[in-house]
Each structure stands twice: as C-alpha cells, then as structure tokens.
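Colleague: Give the three-dimensional model of this entry:
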Amino acid sequence: MGNIIEFYKTSLGIDLNNLKHPISMMVSLAMSTHEFDQQILRHKLRVLGLALMDIKEHSEELYTFYLKKIVKNADLSVNGFIFETIQCANLISTAVEYNMEFKFGDHNKKEPDFFLNNCGFELTTVRFSPESNKLNGDKRLLSSFRDKNKKKYANENTALLIEVTQIAHYANQPEFRPKLSFNDVLEIFKTDSKFGVVLSYVEFTVPTENNIEFKGTVYPVYRENCNAELLETIQKITKGQINNFSKYPLLSPY
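Modeller: Below you'll find the model as predicted:
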C-alpha cells in the first residue's frame, strides 16, 4: 500500500488528506476496511496507476489531460474515470500492437469517446445505490443504454462499452434483485441497439489457496449488420476474454 500512496501523493500530487476527493477517499477506505475489500480497492488503485503510466509512455499530452482531470477534480466520478482511463490505455496498446490509429473523439461533433482507425468506442459506467432501497439495477442499466442509443454516434461502426461490475454485484443479492435478469437486459440490447456491438464489462475475483485472483470478462451483444472492421477490432481489444466467467466468482461492490 505504501507504493500506491507514494504514487498518488507524490507522482500525481493528490492531497490525500482531502477526503472530499474521491481518490483520497478510496485510499483511506483501502486502509481501513476489512481485508477482502482492501485488496479490491488496492487493485483498482494499482490498475489505474498502471494505466496512467501506459498512457504517459505513449503521449505526454494525453497523460497531462488525464492528470488534470484527476488531481483537481473533487467532483470526479471515480469509477467512470477508472474505467475510461483503463480502456484508453488498452486501446492505445492495441493501436501500437496492430499499427492502428488511435484518437479522441470530438464531442462538439457528437463523436464517441475514442476511435481506432474508423471504429468508434463510447464508454459508460453504471452504478447502483443500495441506500436507495430501490430494486432498480435493471432500470438504471437500461436507462444508461437508451440514453447512449439515442446519440448520433450510435451506429454499426461504433461499440458501446458498459462497466457493470458494481450493479451486477447488487443484482445478485436477494434483497436487491431486480425484476429483469441480466440475460433479459442483454436481449433488450440485442433487439433495440443501434450500435455495432454492446460490450458489458464485469470484473470479479476468484479465491485461491492463500489469496484472491483478479479477473474480468466481457458479454458482447452484436448487431446483425455490425461493421466487419469493428468485429475484428473487438477481438483484438478483448483479447479473447469474452463470456469467460469462473465457476465461483466474487463480484466487487465498488
């Protein structure tokens, strides 16, 4: 944990005493909660730091952009930021490996978040508030999907990437189980989506003899006329981790 604290405090310059900042809150929680949650939070902080370093290696300009977003922004949606940063680093790595062009989309032109060659990638994270006492995880996920599905960039050349780990965690708890199952939601994606593909990302842990192992998988829903180049690109960015779920996974509540 010491290296993680040093990185965020010294390398990034985040005031870890300011517990109004979401990263400071996450660091504090990672040192005070019980062991299992500590490992999950440390993993999230570690992976974010590695993604930032990967981006810096590719482009100081992009790194500075993300640094400005994280350091001074106390209103930062931390889970959305982590997902975006990790996926940005992954897309850059894919672009380098396969000699593709990576670039940011222009939101003023109503473009998606990122491009690899001619393929667009729009990102979102869906969260569930257990304090609300509403069994609406399915509604929140569908609401986020439908909002994105109305956009100009929702077409057969663009993928929608949705991070659903936390909402899936609560949907699996009897007291929070929504009306629609995850498979029901995927069927709605399949019927209604204007995107070439919708990718639902889930991170999970698997207990080992002396520790826990961090893994992840992707649930894809393809549109019938999905662009062929996008299909090929999806295989490259997911690296085969599609519908690859362990038998006894533990989903993170964070």
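Colleague: just the helices in the stretch 1-150 of the chain please.
Modeller: Secondary structure of the stretch 1-150 of the chain by DSSP state H, counting those that start in this stretch: the helices cover 2-6, 22-32, 35-58, 60-71, 78-97, 137-149.
Colleague: Show me the one of those helices that comes nearest Gln173.
Modeller: With CB to CB, the closest approach to Gln173 among the helices of the stretch 1-150 of the chain belongs to helix 137-149: 9.7 Å. C-betas here are computed from N, CA, C, even on glycine.
Colleague: Identify each buried residue in that closest one, please.
Modeller: For helix 137-149, burial by neighbour count (16 or more other CB atoms under 10 Å) applies to 137-138, 140-142, 144-145, 148-149.
Colleague: Lys110 reaches Lys148, doesn't it?
Modeller: No. Assessed by CB atoms under 8 Å, Lys110 is found out of contact with Lys148, at 11.9 Å.
Colleague: which SS class is the residue of the chain most remote from its centre?
Modeller: Distance from the C-alpha centroid of the chain peaks at Glu209, with 28.1 Å (CA atoms, centre = their mean). Of the three states, Glu209 takes coil under DSSP: H, G, I helix; E, B strand; the rest coil.
Colleague: gap between it and Phe145?
Modeller: Applying CB to CB, to the nearest Å, the value for Glu209 to Phe145 is 39 Å.
Colleague: Ok, Leu19 next?
Modeller: Distance of Leu19 to Phe145, given as CB to CB: 33 Å.
Colleague: rewinding a little: with distance to Ala168 added, can I get the helices of the stretch 1-150 of the chain in TSV?
Modeller: Output for the helices of the stretch 1-150 of the chain, formatted as TSV (distance: least, CB to CB, whole Å):
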stretch	distance to Ala168
helix 2-6	26
helix 22-32	20
helix 35-58	14
helix 60-71	25
helix 78-97	13
helix 137-149	8
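Colleague: All good on my end, thank you.
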